[in-house]
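Enquirer: only the shape, not the letters, is given here:
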């Protein structure tokens, strides 16, 4: 019965945090200030990386342009929703507070870096294989990000469960 209670607490807190996320994304601040600023930051960072490696890049607002192709970093191309999914799962997990906070921070940074790789790969796909752009944008990267968020949480949870079992085993001997 203890497992069922822990599972129900996880589901309750996970659902509560995702609800808070979805409600907060509808606020005026989120729509008019946070997301536009965050999207511009993603465009500047991706454009800066491409510029450093030798591409002729121009960044204007949320648009990253190269003479042969451009991408606009819009809502949904920001990794915020999969990151919220990951963070909510980690924070709802029955693990001490400090490891949850550390995992949430590391996972958030990892997903943000992978998102920059996504933006860069989409621009490069447009330049070198434009017929694949829509599939990469809508099919591959969308699904991959949700998968990565769940995978990161599952790997962390499994690691922590093994660690907990090892400690319990050591204490019993």
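Expert: Looks like it arrived, so ask away. Please read these numbers as outputs of a predicted model, since none were measured by experiment.

Enquirer: contacts for the helix or strand where residue 39 lies, please.
Expert: When elements are assigned from DSSP states H and E, residue 39 belongs to helix 35-52. Contact partners of helix 35-52, identified using Cβ atoms under 8 Å, 6 or more residues apart in numbering, comprise 25, 57-59, 61-64, 66, 72-75, 77-78, 80, 115-116, 119-120, 123. All C-beta spots, glycine's among them, are computed from the backbone N, C-alpha and C.

Enquirer: please apply the same query to stretch 68-84.
Expert: Contact partners of stretch 68-84, identified using Cβ under 8 Å, 6+ apart, comprise 17-18, 21, 25, 35, 38-40, 42-43, 46, 62-64, 107-108, 111-112, 114-115, 118-119, 122-123, 126-127, 130, 137, 142, 145-146, 148-149.

Enquirer: whichever strand or helix holds residue 102 - contacts with which helices or strands?
Expert: Taking DSSP H and E as the criterion, residue 102 maps to helix 97-128. Under the contact criterion of 3 or more Cβ pairs under 8 Å, 6 or more residues apart in numbering; DSSP states H and E, the helices and strands touching helix 97-128 comprise helix 35-52, strand 63-66, strand 69-72, helix 80-92, helix 133-134, helix 141-172.

Enquirer: okay, buried residues for stretch 36-52 please.
Expert: 38, 39, 40, 42, 43, 45, 46, 47, 49, 50 (16 or more other Cβ atoms under 10 Å).

Enquirer: in this protein, where is pLDDT below threshold?
Expert: Counting by pLDDT under 70, the chain shows low-confidence ranges at 1-3, 169-173.

Enquirer: swap the cut-off to 50 and go again
Expert: For the chain, the stretches flagged by pLDDT under 50 are 1.

Enquirer: show me how to select, in ChimeraX, the buried members of the contacts of helix 35-52.
Expert: Here is the ChimeraX selection string for the buried members of these, based on 16+ other Cβ under 10 Å:
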select :57,59,62,63,64,66,73,77,78,80,115,116,119,120,123
